[in-house]
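A.B. asks: Build me a structure from this.
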Amino acid sequence: MICEKCDKKNATVHFTKIIHGKKTEWHLCESCAREKGELERPFGGGFPLHQFFSEMMGFMPGGSSDKLLPQAQTGVQCSCCGLTYAQFGQIGRFGCENCYEAFAKCLPALFRKLHGSQKHRGKIPLRTDKGVKLRKDIALLREELQRKIAEEAFEEAAALRDRIKKLEKEREAGGAAGEGKG
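C.D. replies: Next up is the predicted model:
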């Protein structure tokens, strides 16, 4: 593929940007990508994955994490290894197994930012047995049902209950035969 900017050299840099829902793809040679400001340094070194995650998490290059945390939490430190939350943001990994507990108050905002949720739901491979997917769907609906009951949204809870019953019947009819597959 030829560079889309100079139409001379081979395109060795391929990137996609999505800004306000609009996707733009570029295929450039290294020099045109550098001119365009898409390369901070020449290729050759490894991709700084920790820097990528640090920027995603909202940590600034100088170690300031105030975008992500209230000022009171930026100085949180692990009592075991001494790692601060700001240092964690710069290196992209914990210093020891106790860091998770030390930064427990800071992590929900981070998880929400990275994953869109604080709770890990997991994924089910497409080729997985239908019974596995049905069991997961039923479990999620039961959680939602409990929330609706707690909110006293009884009409919505009744609709969820009916959906759960329908899925349970479907699982018993078709899912039970496939559950022994593996």
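
A.B. asks: Return the residues in contact with Ala102.
C.D. replies: 76-80, 83 (CB atoms under 8 Å, 6 or more residues apart in numbering). Yep, even glycine has a C-beta here, placed from its N, CA and C like the rest.

A.B. asks: Just the buried residues out of those residues, in ChimeraX syntax.
C.D. replies: Buried residues within the contacts of Ala102, by 16 or more other CB atoms under 10 Å, are selected in ChimeraX with:
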select :76,77,78,83
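
A.B. asks: ok, the contacts of Ala102 vs Gly37, which is closest?
C.D. replies: Distance to Gly37, by CB to CB, is smallest for Leu83 among those, at 33.3 Å.

A.B. asks: And the pLDDT for that closest one?
C.D. replies: pLDDT, the model's per-residue confidence, is 86 for Leu83.

A.B. asks: Now for Ala150, how many residues are close by?
C.D. replies: Applying other CB atoms under 10 Å, we find 9 residues neighbouring Ala150.

A.B. asks: Also the one 10 residues further on?
C.D. replies: Here the number of neighbours of Leu160 (other CB under 10 Å) works out to 20.

A.B. asks: Can I take it that it is in a helix?
C.D. replies: Yes: under DSSP: H, G, I helix; E, B strand; the rest coil, Leu160 sits within a helix.

A.B. asks: Glu143 is in contact with that one, correct?
C.D. replies: No: counting by CB atoms under 8 Å, Leu160 does not reach Glu143; the two are 9.8 Å apart.

A.B. asks: Flag the shaky bits of this structure, pLDDT-wise.
C.D. replies: Applying pLDDT under 70 to the chain flags residues 38-74, 114-128, 175-182.

A.B. asks: domains in it, as residue ranges please.
C.D. replies: Each domain of the chain is listed here as a residue range: 1-40, 49-115, 130-178, per automatic domain parsing.

A.B. asks: List the buried residues for stretch 152-171?
C.D. replies: Residues of stretch 152-171 classed as buried by neighbour count (16+ other CB under 10 Å): 157, 160-161, 164, 167, 171.

A.B. asks: returning to that earlier point: of all the contacts of Ala102, which two lie farthest apart?
C.D. replies: Of all pairs in the contacts of Ala102, the most separated under CB to CB is Val76 and Cys80 at 13.1 Å.

A.B. asks: where does Leu110 sit relative to Glu101, distance-wise?
C.D. replies: Noted for Leu110: a distance of 15 Å to Glu101, by CB to CB, to the nearest Å.
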